[in-house]
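Engineer: Okay, sequence plus prediction incoming.
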Amino acid sequence: MKKLFFYSVLLLTCIACSDSDEQTEAQNLGSSTLDNPDDNQSSDNSQDNYANIDFSNWKVTLPVDENNNGSPDEYQPSTLINGGYRTNASILPFMYDDVDDQSIVFYTYPEVSTTNSSYSRTELRELINPSNSKENWTLEEGGVMEGRLNLVDISEDNNSNNQYHKTIVMQIHGIISQSDMDTHGFTSNNGPPLIKIRWINGFIWSYKKSLVDPTTSGDDLLDVTSATWSDESTNMGYVGFEPFDFKITASSGKLELQLNSLTPLIYEDVSLAKWPFENYFKAGNYLGTTDANAFSYVKYYQLNINH
């Protein structure tokens, strides 16, 4: 398995530990590489030490439930902006700066999952209105997300044909609009993910939702199950454990995905033309396994969104 040098001593120690000790040691990895905000404030170029991410329109979901409310802990933009996450002891094991390469690390492992998933994550969720998560955007309104990132370490997968476990690093997620909620009386506004960008054995794969039956129309389009919407997967290319650039451009009836300088992957089809959901961007580290002792580390050097 590929390991960065600053993880190696810790992970060798973990081999001799119990399951719970391994998770504790992995969390301590976050603390061991944290910079001291007070120290950096004394430097004239301190801001150059941090990843280029404006947290004004992002909240973060963590793989733990410290407040025991039955859901993963979340922290709003007001907690993250202006370096606020750097002094939050609950966030620091899972999202922290690496000032050596001006990145921010997202660490996760199987623990607490959201209502509609079996998997845990340390992942950012876009909030175009930081005070109202029900306000999102349509494909007609469009949006662009671009980032430079790197999967630096991930556990081996001993229960499948894959060498490593897999993780999602970017998404466009669907959500049922408030108007459709009011009209139909739905109890959940959860929609399917329109795009999932997944790291699998060093390759970047795109998973895009498409209609099982292209003739589906009207209210039937709001069915969120796999009976109506299924994944269409495409291997976009190999990045291994090296940094790469990725850009998602969403517009009316069209998606354009750009990996590094490769030829863009463009979707323009009836499923996008009929997509009935509103959307929001997600970015981070969404680990696709519940295997004991699994983990993954994803770095972001920059992340930007615009509409």
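Structural biologist: Cool, got the structure.
Engineer: Please count neighbours and contacts with C-alpha atoms only from this point.
Structural biologist: OK.
Engineer: residue boundaries of the helices in the chain?
Structural biologist: 5-15, 19-32, 37-41, 77-80, 178-184, 270-273 (DSSP state H).
Engineer: quick one: contacts of the fourth one?
Structural biologist: Here helix 77-80 makes contact (CA atoms under 8 Å, 6 or more residues apart in numbering) with 55-59, 84-85, 130.
Engineer: Kindly report which one of the helices of the chain carries the lowest mean pLDDT.
Structural biologist: Ranked by mean pLDDT, the helices of the chain bottom out at helix 5-15, which scores a mean of 37.
Engineer: so where's the protein shaky on pLDDT?
Structural biologist: 1-47 (pLDDT under 70).
Engineer: hang on, the earlier thing: so which of the contacts of helix 77-80 wins on neighbours?
Structural biologist: Ranked by neighbour count (other CA atoms under 10 Å), the contacts of helix 77-80 have Trp58 at the top, with 25 neighbours.
Engineer: Could you report the neighbour count for the closest residue to that one other than its chain neighbours?
Structural biologist: The shortest distance from Trp58 to any non-neighbouring residue, by CA to CA, 6 or more residues apart in numbering, is to Glu126 (4.7 Å). Neighbour count for Glu126, taken as other CA under 10 Å: 24.
Engineer: show me what contacts Glu126?
Structural biologist: 57-59, 280-282.
Engineer: State the number of residues packed around the residue lying closest to Ser118 once chain neighbours are set aside.
Structural biologist: Once flanking residues are discounted, Ser118 sits nearest to Thr290: 7.5 Å by CA to CA, 6+ apart. Neighbourhood size, Thr290 [other CA under 10 Å]: 16.
Engineer: these two touch, right, Thr290 and Ser113?
Structural biologist: No - with contacts counted by CA atoms under 8 Å, Thr290 stays clear of Ser113, the gap being 9.9 Å.
Engineer: Give the intersection of the neighbour lists for the two.
Structural biologist: Shared contacts of Thr290 and Ser113, counting by CA under 8 Å, 6+ apart, come down to Tyr119.
Engineer: coming back round to it: out of the contacts of helix 77-80, which are inside strands?
Structural biologist: Those of those mapping onto strands are 58-59, per DSSP state E.
Engineer: Identify the residues contacting the residue nearest to Ser118.
Structural biologist: Contacts of Thr290 by CA under 8 Å, 6+ apart are 110-111, 118-119.
Engineer: Drop anything exposed from the residues you listed.
Structural biologist: Neighbour counting by 16 or more other CA atoms under 10 Å classes 110-111, 119 among the contacts of Thr290 as buried.
Engineer: Show me what Lys196 is bridged to.
Structural biologist: Judged by DSSP bridges, the bridge partners of Lys196 are Gln171, Tyr207.
Engineer: oh sorry, the question was meant for Tyr96
Structural biologist: Bridge pairing for Tyr96 - DSSP bridges - gives Val105.
Engineer: related to what we said a few turns ago, the contacts of helix 77-80 into JSON lines, with extra columns for distance to Glu74?
Structural biologist: As requested, the contacts of helix 77-80 are exported to JSON lines (distance: CA to CA, whole Å):
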{"residue": "Phe55", "distance to Glu74": "14"}
{"residue": "Ser56", "distance to Glu74": "15"}
{"residue": "Asn57", "distance to Glu74": "14"}
{"residue": "Trp58", "distance to Glu74": "11"}
{"residue": "Lys59", "distance to Glu74": "7"}
{"residue": "Gly84", "distance to Glu74": "14"}
{"residue": "Tyr85", "distance to Glu74": "12"}
{"residue": "Pro130", "distance to Glu74": "13"}
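Engineer: Could you single out the nearest of the contacts of helix 77-80 to Gly143?
Structural biologist: Closest approach to Gly143 among the contacts of helix 77-80 (CA to CA): Asn57, at 13.5 Å.
Engineer: The closest one touches Pro130, doesn't it?
Structural biologist: Yes - because the distance of 5.9 Å satisfies CA under 8 Å, Asn57 is recorded as touching Pro130.
Engineer: Show me what counts as buried in stretch 206-223.
Structural biologist: For stretch 206-223, burial by neighbour count (16+ other CA under 10 Å) applies to 206-211, 221-222.
Engineer: cool, stretch 160-175 as well?
Structural biologist: 164-175.
Engineer: Please apply the same query to stretch 95-103.
Structural biologist: 95-99, 102-103.
Engineer: Of these, which is the nearest to Gln76?
Structural biologist: For the buried residues of stretch 95-103, the nearest to Gln76 is Met95 (13.6 Å; CA to CA).
Engineer: need the contact list for the closest residue to that closest one other than its chain neighbours.
Structural biologist: Excluding its sequence neighbours, the residue lying closest to Met95 (CA to CA, 6+ apart) is Phe106, at 4.8 Å. Going by CA under 8 Å, 6+ apart, Phe106 touches 94-96, 122-123, 284-285, 297-300.
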